[in-house]
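# Show me the folded form of this:
(one chain, ligands or ions: 2)
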Amino acid sequence: MSSPPVIGIVGSAGAYGRWLQAFFAKRMGSEVLGSDPADPAGLAPEALVERSDVLVFSVPIRRTAATIDEYVRIAGGREHRQLWIDVTSIKAAPVAAMVRSRAEVVGLHPMTAPPAAPTLKGRVLVVCEVRLERWRGWLQRLLAALEAQSVRSDPDRHDRVMALVQAMVHASHLAQAGVLRTHAAQLGGLEGLMPFRSASFELDSAVVARILSLNPAIYEDIQFENPHVPGVLDALAGELARLRDAVHRGGDEARSGFRQHFLLDNREAFGAAALREGNHGFQRLGWLLADLAEVRALSVHLPLDEPGALRRLLHVFERLGISLSSIHSARTPEGEVHFRIGFAATCAPELLLEVGAQIEREGIGRVL
Ligand SMILES: NC(=O)c1ccc[n+]([C@@H]2O[C@H](COP(=O)([O-])OP(=O)(O)OC[C@H]3O[C@@H](n4cnc5c(N)ncnc54)[C@H](O)[C@@H]3O)[C@@H](O)[C@H]2O)c1
Ligand SMILES: O=C(O)C(=O)C[C@]1(C(=O)O)C=C[C@@H](O)C=C1
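Ligands and ions are numbered 1, 2, ... in the order given. The predicted model follows:
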């Protein structure tokens, strides 16, 4: 294919629709069109089908299959030259609907909310290749540009996996939110508990806050639209009931049952390698939380993303005799690298002001 294909996004005003629009325009050099009742610049579905080479469905989960069916009807066979993609959090129903068209078909599922970054670097992308011929090369270029860690699946396996990876995780955290709402109230609420936090509590509270901050329709549909979820919720409730019953019963027998089932059997089922890896991952997150808790910190953007830029920045601290206790970098949606540098609490605030002034005066970076 000589020039980049025209991309048509169905759901162009939504969170992922907007992210995909920027991605396809900036990273794939494509013209991007959209259709969405909430997008004033959007086209009618008929015009979108007529003018696009690739259609990307990014609409609410509960509406996706019906929306695709509607596009199959509107396209009326013209789609045989097109590639149809969806980014829905469940895969079986949307992919089955796309297969009812004559288009080539790939189901995708980014395992993240639309990131602040311009690509999916460091994130997982599930790829269900269903019907692919002429578009295979372009799909490879798309996956390379997305920079995600791609994992291949068929739609049914995807939905079974997501009943565990998403529905179970969301359900257990929403249950925690409910318990906190009732039981933490007399202890000062979450605010009253936080000074007593463990790293586990801090991480779990962050997950609860994340779920409650994002689009509620997604969390609802992940529970209600995947046929594999009820069985997983039964199993989750069953495990919790078993634990609750043992604790209510108390005594040696209940304790030994607890140790065997919840600790020893689960430990064996996880396996030594998974325990080692998971425990190490937890420790790394613990270090990160400790670094982020440092009250003395500076964030700096280095405009010259080139070898030696960081050394020049660090030289300012060396000159002023300041020891760093942590350094982390992150990339903004615009691609800017920001360094967050932490210092011991004993480091005088005036000294940090002086560091900031020198960094800016010498044109090394911008203090944020
Ligand atoms: N946001 C996430 O965290 C996330 C992560 C991975 C995958 N996804 C998937 O992305 C898809 C979109 O999610 P979102 O977060 O962008 O939701 P959203 O609610 O922000 O956007 C959906 C958009 O679809 C539009 N829409 C509804 N019906 C339409 C139709 N018939 N034609 C055109 N537009 C229509 C709505 O007006 C809205 O602007 C979902 O399938 C979701 O599962 C979302
Ligand atoms: O908060 C995030 O960034 C997410 O990972 C969101 C999350 C999830 O919780 O699993 C939610 C829905 C999407 O299908 C993908 C990922």
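# contacting residues around the helix-or-strand element of the chain with minimal mean pLDDT?
Least confident helix or strand of the chain, by mean pLDDT, DSSP states H and E, is strand 324-331 with a mean of 86. Strand 324-331 has contacts (C-beta atoms under 8 Å, 6 or more residues apart in numbering) with 117, 288, 291, 294, 314, 317, 337-344. C-beta here means a position set from N, CA and C on the backbone, and glycine is covered the same way.
# Only alpha carbons, please: show it as CSV.
Extracted C-alpha coordinates of strand 324-331, given in CSV (Å, rounded to 0.1, in the frame of the first residue of the first chain):
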residue,chain,number,x,y,z
LEU,A,324,20.0,12.5,45.7
SER,A,325,18.0,9.8,47.2
SER,A,326,16.0,8.8,44.1
ILE,A,327,15.6,9.6,40.5
HIS,A,328,12.7,8.5,38.2
SER,A,329,11.8,9.5,34.6
ALA,A,330,8.4,9.6,32.8
ARG,A,331,7.4,10.7,29.3
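# so where is this protein shaky, pLDDT-wise?
For the chain, residues meeting the criterion pLDDT under 70 lie at 1, 333-334.
# Strands of that one, residue ranges please.
7-10, 32-35, 54-57, 83-86, 104-110, 124-131, 149-152, 296-301, 324-331, 337-343, 366-367 (DSSP state E).
# Who are the packing partners of the fourth one?
Looking back up the chat, that one is strand 83-86. Helices and strands touching strand 83-86, as assessed by 3 or more C-beta pairs under 8 Å, 6 or more residues apart in numbering; DSSP states H and E, comprise strand 54-57, helix 61-75, helix 92-99, strand 104-110.
# And ligand 1, is it touching that?
No: applying C-beta under 6 Å from any ligand atom, one finds strand 83-86 out of contact with ligand 1, separated by at least 7.0 Å.
# Likewise for the fifth one?
Yes: on the criterion C-beta under 6 Å from any ligand atom, strand 104-110 is in touch with ligand 1 at residue 110.
# now do the second one
Yes: in this structure, strand 32-35 sits against ligand 1 according to C-beta under 6 Å from any ligand atom; the contacting residues are residue 35.
# before we move on, what about the first one?
Yes: if you take C-beta under 6 Å from any ligand atom as the test, strand 7-10 does meet ligand 1, through residue 10.
# what about dumping the CA coordinates of that strand to CSV?
The C-alpha trace of strand 7-10 is given here as CSV (Å, rounded to 0.1, in the frame of the first residue of the first chain):
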residue,chain,number,x,y,z
ILE,A,7,-8.8,5.6,9.3
GLY,A,8,-12.5,5.9,10.3
ILE,A,9,-13.1,5.8,14.0
VAL,A,10,-16.6,4.8,15.2
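# Outside of that strand itself, list whatever touches it.
Contacts of strand 7-10 (C-beta under 8 Å, 6+ apart): 17, 20-21, 24, 28, 30-36, 43, 45, 48-49, 51-59, 67, 71.
# Pull out the buried residues from these.
Buried members of the contacts of strand 7-10, scored by 16 or more other C-beta atoms under 10 Å, are 17, 20-21, 24, 28, 30, 32-36, 43, 45, 48-49, 52-59, 67, 71.
# Helices along the stretch 251-368 of the chain, start to end?
Ranges of helices in the stretch 251-368 of the chain, per DSSP state H, counting those that start in this stretch, are 251-258, 266-270, 272-292, 309-319, 349-361.
# ok, residue 228 - contacts?
159-160, 162-163.
# Close to ligand 2: what parts of the stretch 51-200 of the chain are there?
89, 111-113, 166.
# Of all the helices and strands packed on strand 83-86, which one is nearest residue 171?
Closest approach to residue 171 among the helices and strands packed on strand 83-86 (C-beta to C-beta): helix 61-75, 16.2 Å.
# Tell me how far stretch 80-98 lies from the chain's centre.
Offset of stretch 80-98 from its chain centre (C-alpha atoms, centre = their mean, to the nearest Å): 20 Å.
# burial of the closest residue to residue 36 other than its chain neighbours, as a residue count?
With C-beta to C-beta, 6 or more residues apart in numbering as the criterion, residue 36 has its nearest non-adjacent residue at 4.1 Å, and that residue is residue 13. Applying other C-beta atoms under 10 Å, we find 18 residues neighbouring residue 13.
# phi, psi of residue 13?
Backbone torsions of residue 13, given as degrees, to the nearest 10, read phi -90, psi 0.
# what do you get for residue 320?
phi -90, psi 10.
# Looks like it contacts residue 350 (just checking).
No: counting by C-beta atoms under 8 Å, residue 320 does not reach residue 350; the two are 10.8 Å apart.
# Quickly list what's touching both of these two.
Residues touching both residue 320 and residue 350 (C-beta under 8 Å, 6+ apart): none.
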